[in-house]
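Undergrad: give the three-dimensional model of this entry:
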Amino acid sequence: MLTAARLGAAALSAALLTGAAAAPALADSPSPGAVTVPEGLYGKSDPQFDGVWRQSLALTALVGAKVTPADSAVSWLTGQQCADGGWPSFRADTAAACDATTEDSNATTLAIQALVALGGHQDAVDKGVQWLKTNQNADGSWAYNPGSPGDADSTGLAVSALFAAKVDPAGVAKAGKNAFDGLALFQLGCAAPADQRGAFAYQPKPDGTFEPNALATGQASLAAAGGKLPVTNTNRTDAAPKALACADGSTGATPTAVPRADSGEAAGAYITAQLAAGGQHLTLTTPGAPPTPDHTATAWAALGLIQGGHPQQAAGAVDWLAKEGTTWTKGGTDAAATASLLLVAQAAHRDPASFGGDLVAQLTALGPAPKAAAPAASGSAASAPAKEEKKDGGISQWWLIGVGLLIGIGGGLVLSLQRKRGPKL
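TA: Here you go, the predicted structure:
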């Protein structure tokens, strides 16, 4: 599932982000070994690692579907914020002061984007942005937890949150390194093998080299393309994303500086090639386990391509997600995955009512009853006005009425003339 359930180590981080880590199930009523679902929270699974993450995704997706969430759902998210502006993955006791070491950049960035989408929460957004500024690393990057080395996922999410808050990432800097500089640290450039250029590594490997990471590339690609959640970009270019222009013979496994202007296109070119080679989805590779389709990374990659103006290159991945999404969402019972799938459908201008199920209905059912449901689609048969009601072999009813009026008028004129002329002799 799409969560920020990382505990620090890179391997465990990747497993949690893709839902590989098991967690005890929640129940609606207490029982031994179970906990009660917090009021206002979407989903039924243990929120310890992803409560704020999935709530933020759910609220963002529902706002995009023109659903007005319940007050309890919004107040649950705002109530998770710490006094210093950050959010932890989950705060069980909101009356107790936060432990700053448990605050989570991924949860914070998604909460900022959700509150911007909801509107009316500028103070909380401003505090969240200030937390990001305070906890930026000296190289311009962000870590999952403050004080740790930065990574591509966290940095990409932070850049997207700044875009959402209308804060220029180029102006958010530490020690002379801004947010774009931090993101560039993880993108493979001309020194990498040709088939890896444009990809993002999660972090350097222990030997200092870099290798492409599907989820890091997907999440960072949205930021590299100048995007945020929800993706609403309608720009479109018919050309494929441009790969990096590199001199012949460039090799190696460490990044070189990818110009900011080329970052989004380079990531899009890499993703497009990976989708074409992989059956229109990206792949999760975990040490000791066989490769498996990565729904999470594929969803982020599709969003990045659409944001970059390449919906045609994203179309295959969108189709794959529509077909395979029910596996990811567990039949619409996983709140984070369901919300993520809904965000993809919205970005791709697909009908969310038939995108592997009715996503809006499924997501709504996982949380408190909304204040207002989505209005009926203006283009639907039920709501569209009947401009031409056909009958009698396809002839318009209004056309028949018009002809009848003309005949009536004509007949009246004939009778009037006859009366003026008198009877014929």
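Undergrad: where in the stretch 1-150 of the chain is pLDDT low?
TA: 1-35 (pLDDT under 70).
Undergrad: kindly apply the preceding question to the stretch 251-400 of the chain instead.
TA: For the stretch 251-400 of the chain (pLDDT under 70), the answer is 251-256, 376-400.
Undergrad: quick one, strands of it?
TA: Ranges of strands within the stretch 251-400 of the chain are 282-284, 292-294, 390-391, 395-396, based on DSSP state E, counting those that start in this stretch.
Undergrad: list the buried residues in stretch 174-183.
TA: 174, 177-183 (16 or more other CB atoms under 10 Å). Bear in mind the C-beta positions are built from the backbone N, C-alpha and C, glycine included.
Undergrad: measure it end to end?
TA: 13 Å (CA to CA, to the nearest Å).
Undergrad: who's in contact with it?
TA: 136-142, 150, 152, 155-156, 158-159, 162, 169-173, 220, 223-224, 260, 263 (CB atoms under 8 Å, 6 or more residues apart in numbering).
Undergrad: 7 Å - rerun?
TA: Residues external to stretch 174-183 that are found in contact with it (CB atoms under 7 Å, 6 or more residues apart in numbering): 136-142, 150, 155-156, 158-159, 162, 169-172, 220, 223-224, 260.
Undergrad: from the middle of its chain, how far away would it be?
TA: 24 Å (CA atoms, centre = their mean, to the nearest Å).
Undergrad: now it: mean pLDDT?
TA: Average pLDDT, stretch 174-183: 97.
Undergrad: now stretch 238-250
TA: On average, stretch 238-250 scores 84.
Undergrad: list the buried residues in that stretch.
TA: 241, 243-244.
Undergrad: repeat that for stretch 275-290.
TA: So stretch 275-290, judged by 16+ other CB under 10 Å, has buried residues 275, 278, 280-284.
Undergrad: what distance separates the start and the end of stretch 226-239?
TA: End-to-end for stretch 226-239, by CA to CA: 18 Å.
Undergrad: likewise for stretch 323-336?
TA: Across stretch 323-336, first to last residue, CA to CA, it's 18 Å.
Undergrad: from the chain's centre, how far out does that stretch sit?
TA: Using CA atoms, centre = their mean, the offset of stretch 323-336 from its chain centre is 15 Å.
Undergrad: ditto for stretch 223-233
TA: For stretch 223-233 - counting by CA atoms, centre = their mean - the centre lies 8 Å from the chain centre.
Undergrad: which of the buried residues of stretch 174-183 fall in strands?
TA: 174, 177-178 (DSSP state E).
Undergrad: which among the buried residues of stretch 238-250 gets closest to residue 373?
TA: residue 241 (37.8 Å; CB to CB).
Undergrad: any idea which helix or strand carries that closest one?
TA: Using DSSP states H and E, residue 241 sits within no helix or strand.
Undergrad: contact partners for it?
TA: Contacts of residue 241 (CB under 7 Å, 6+ apart): 265, 268-269, 272, 308, 310, 313.
Undergrad: not counting sequence-adjacent ones, nearest residue to it?
TA: Excluding the flanking residues, the one nearest residue 241 by CB to CB, 6 or more residues apart in numbering is residue 268, at 3.1 Å.
Undergrad: okay, the one you found and residue 188: tell me how far apart.
TA: 14 Å (CB to CB, to the nearest Å).
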